[in-house]
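J.: my questions concern the predicted model and sequence given below.
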Amino acid sequence: MPRIHRRHLLLSGAALALPTWALAQTKAPLPTLQVWKDPNCGCCKDWVAYLQADGFTVQLHDTGNTAVRRRLGLPERYASCHTGLIGGYVIEGHVNAREIRRLLAEKPPALGLAVPGMPVGSPGMDDPVYGGRQDPYEVLLVQRDGTAQVYQSYFNRR
């Protein structure tokens with residue numbers, strides 16, 4: 001077997017060993033992320049810029065997010081300063097791009113993801129004004145009944 005074919009075969013086998021969510025990150029284009037936010041919120045703008053740099057297409061609605069959060073059925077206890085909608089899932093707060101991609105690949109029967117509050121060090125809350133501070137936080141998978149479970153933890157990231 002010529003060397004190039006053997007390499008191709010090895011690479012094909014390696015691709016089969018990847019989790020499906022990792023493969024999905026490189027395949028299909030992402031749906032557009034709609035984001036509702038206050039027009040004057042700097043951390044919301046930073047979060048949107050972070051996602052755009054990661055390949056997301058974002059449609060902004062500078063009308064605030066409280067009414068849309070209620071309309072989408074996300075309980076107030078998971079609230080943050082901006083609300084998104086992508087692929088039928090609610091994205092509340094400073095959620096990492098990696099978890100949004102994972103959500104879209106795994107397609108769990110859930111309402112969406114939330115990072116309640118505004119944890120310093122999360123995407124969009126990592127401005128130099130915070131002096132490199134990185135508070136621990138969790139990305140929650142919010143169920144349609146309003147309950148939630150930890151989807152990803154961000155602790156001890158220094």
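T.: Nice, I can see it.
J.: and the pLDDT for the closest residue to His82 other than its chain neighbours?
T.: Excluding its sequence neighbours, the residue lying closest to His82 (Cβ to Cβ, 6 or more residues apart in numbering) is Lys37, at 3.9 Å. For the C-beta atoms, the positions are set from N, CA and C on the backbone; glycine is no exception. Among the per-residue scores, Lys37 shows a pLDDT of 96.
J.: now swap in the one 5 residues further on and tell me
T.: Here, the pLDDT recorded for Gly42 equals 91.
J.: quick check: the closest residue to it other than its chain neighbours vs His82, distance?
T.: Counting by Cβ to Cβ, 6+ apart, the nearest residue to Gly42 once its immediate chain neighbours are dropped is Asp127, at 7.6 Å. Distance, Asp127 to His82, using Cβ to Cβ, to the nearest Å: 15 Å.
J.: same check, this time on Cys43
T.: 8 Å.
J.: neighbour count for these two, which is higher?
T.: Neighbours per residue, other Cβ atoms under 10 Å: of Cys43 and His82, the larger number sits with His82, 27 against 21.
J.: the more buried one contacts Leu33, correct?
T.: No. Checked against Cβ atoms under 8 Å, the pair His82 and Leu33 is beyond contact range at 10.7 Å.
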